[in-house]
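Peer 1: return a 3D structure for these sequence lines:
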Amino acid sequence: MADLFADELPHQSAPEAPREDAPLADRLRPVSLDEIIGQDHLTGPQGAIGRMVAAGKLSSMVLWGPPGTGKTSIARLLADAVGMRYVAVSAVFSGVADLKKAFAEAEKAREAGQRTLLFVDEIHRFNRAQQDGFLPFVERGTITLVGATTENPSFELNAALLSRAQVLILHRLDAAALEQLLARAEELEGPLPLTPEARDALVASADGDGRFLLNQAETLYSAGIEEPLGPAELGAFLQRRVAVYDKDREGHYNLISALHKSLRGSDPQAALYYLARMLTAGEEPLYVLRRITRFASEDIGLADPQALAQCIAAKEAYQYLGSPEGELAIVQACLYCATAPKSNAAYMAQKAAWKSARETGSLMPPQNILNAPTKLMKDIGYGAGYAYDHDAEGGFSGANYWPEEMEPQAYYRPVERGFEREVLKRMEYWEKLRKER
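Peer 2: As a prediction, the model looks like this:
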């Protein structure tokens, strides 16, 4: 692998300071780690990055966090803080040739006694083979790798790469951090043409993304607005940031998990919130309804048999009405399931019965409950002695239905909630008769 990147290529210089006509977000980039906003848990004196900088020695790391939280700024300032060369590549625009160049330059710099910090933006977009290409250079100390990603590294990065790098999590910027950014913008450009209420609305619209907030502020400055805008005027002038939601990535799984847990916890308000988060972000409504339907069997079951019926009815209603009218039926199913009594007895019974079936293999049922469609089968005893329950007293024979080599099992254990309380009474009644007979 090392020979692949042995080409001799020119040195890559550190990034220049932003021009005066650069975008506001670039002009406000922090010039030292203590100017990073909202990530004190990492960059502060007790944080992982703060401690590494104080020691003057960096380990390879992956910075994982939402867009606009400072990943690129941290990487650039880390190199400055410990006196390392800074080289940046983007997995979106870079290929093998760019990596060969970066590694070759790092090898030459190392021979000259200079260490290299290689920043890889959107590192999750490199495929597995490309990610493996970093390993020998990280192991030899040719580079200190700093990757940035908005996706969960445990899903998107090779285990071998993760074992050689710390994963550091950046937080979504809260309202206080976003206010600090706006204050810095106003120091540079002057007061924003907003009422206090509109200012709050602008901060809320950023959804934790500092870069988006500064871009919106720059739009306001560029418009030459004379009278302060209120929330309604601001909303008409600017577009609200679309919520971060990738249907095939972690945001998708986080929200469906939150919906499921809220339903299980009988919190209809929270369940409705996560349902709204998914549907307003463009999730396929029938996918969400499929998950709620699964919940109706897994977490409610016979505690309220109507829960499953509500979900199936919601499916038919949605398919009949379409979107958005049909989404109300999904809301109804969601609220019904959230407020229904809960039991996972059917779910646990399924798991136990499936496990038992795998372990017992092909045990024959008792001969008396087997059909005998041929004379031979009748001659060897199939169906002999079968007790027809409808002919027995109370419509119950109390016969044994388990294989002779197997003890009767109790897979299904109803709980004392909802309709399962009645199911439990029925089961106890049949068991009492079974013991008597």
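Peer 1: wait, is Ala296 part of a strand?
Peer 2: No. According to DSSP: H, G, I helix; E, B strand; the rest coil, Ala296 belongs to no strand; its state is helix.
Peer 1: check contacts around it.
Peer 2: Contacts for Ala296 (Cβ atoms under 8 Å, 6 or more residues apart in numbering) come out as 307-308, 310-311, 333, 337. Where you see a C-beta, it was placed from the backbone N, CA and C, and this is true even at glycine.
Peer 1: show me those residues that map onto strands.
Peer 2: Using DSSP state E, no member of these sits in strands.
Peer 1: how much space between the nearest residue to Glu189 once chain neighbours are set aside and Asn344?
Peer 2: For Glu189, ignoring the flanking residues on the chain, the nearest one in space by Cβ to Cβ, 6 or more residues apart in numbering is Tyr221 at 5.1 Å. According to Cβ to Cβ, to the nearest Å, Tyr221 stands 56 Å off from Asn344.
Peer 1: could you give the mean pLDDT of stretch 339-350?
Peer 2: Per-residue pLDDT over stretch 339-350 has a mean of 96.
Peer 1: look up which helix or strand the residue nearest to Glu189 falls in, please.
Peer 2: helix 210-222 (DSSP states H and E).
Peer 1: whichever helix or strand comes after that helix - contacts with which helices or strands?
Peer 2: Per DSSP H and E, the first helix or strand lying C-terminal to helix 210-222 is helix 231-237. Packing partners of helix 231-237 (3 or more Cβ pairs under 8 Å, 6 or more residues apart in numbering; DSSP states H and E): helix 196-205.
Peer 1: so for the helix it packs on, mean pLDDT?
Peer 2: 89.
Peer 1: my guess is Ser73 contacts Ile36, does it?
Peer 2: Yes. Between Ser73 and Ile36 a contact is recorded at 6.3 Å, counting by Cβ atoms under 8 Å.
Peer 1: so what sits against both of those two?
Peer 2: Pro30.
Peer 1: Ser222 - how many residues pack around it?
Peer 2: 10 (other Cβ atoms under 10 Å).
Peer 1: OK, contacts around the closest residue to Phe126 other than its chain neighbours?
Peer 2: Excluding the flanking residues, the one nearest Phe126 by Cβ to Cβ, 6+ apart is Ala91, at 4.7 Å. Listed by Cβ under 8 Å, 6+ apart, the contact partners of Ala91 are 120-126, 130.
Peer 1: show me where this protein has its strands.
Peer 2: 61-64, 85-90, 116-121, 144-149, 166-169.
Peer 1: now those as TSV including distance to Leu99, mean pLDDT and mean neighbour count?
Peer 2: Output for these, formatted as TSV (distance: least, Cβ to Cβ, whole Å; pLDDT from 0 to 100; neighbours: other Cβ atoms under 10 Å):
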stretch	distance to Leu99	mean pLDDT	mean neighbour count
strand 61-64	17	94	25
strand 85-90	7	91	20
strand 116-121	9	94	24
strand 144-149	11	94	25
strand 166-169	21	93	16
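Peer 1: so which of these gets nearest Val203?
Peer 2: strand 166-169 (22.4 Å; Cβ to Cβ).
Peer 1: which strands and helices lie in contact with the closest one?
Peer 2: helix 48-55, strand 61-64.
Peer 1: now render these as JSON lines, adding distance to Arg29.
Peer 2: Output for these, formatted as JSON lines (distance: least, Cβ to Cβ, whole Å):
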{"stretch": "helix 48-55", "distance to Arg29": "17"}
{"stretch": "strand 61-64", "distance to Arg29": "15"}
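Peer 1: neighbours of the residue nearest to Ala148 when sequence neighbours are not counted, how many?
Peer 2: Take Ala148 and drop its neighbours on the chain: the residue closest to it by Cβ to Cβ, 6+ apart is Lys71, 4.0 Å away. Counted with other Cβ under 10 Å, residues neighbouring Lys71 total 25.
Peer 1: for Lys71, give me the pLDDT.
Peer 2: 93.
Peer 1: any idea how far it lies from Leu213?
Peer 2: 16 Å.
Peer 1: look up the pLDDT of His41 for me, please.
Peer 2: 94.
Peer 1: should've said Ala232
Peer 2: 85.
Peer 1: ok, now how distant is it from Gln216?
Peer 2: Following Cβ to Cβ, the distance that separates Ala232 from Gln216 is 16 Å.
Peer 1: which one's more surrounded, the two?
Peer 2: Gln216 (23 against 11).
Peer 1: contacts only, for the residue nearest to that one when sequence neighbours are not counted.
Peer 2: In this structure, Gln216 finds its nearest non-sequential neighbour in Leu238, 5.6 Å apart by Cβ to Cβ, 6+ apart. By Cβ under 8 Å, 6+ apart, Leu238 lies in contact with 202, 205, 216, 219-220.
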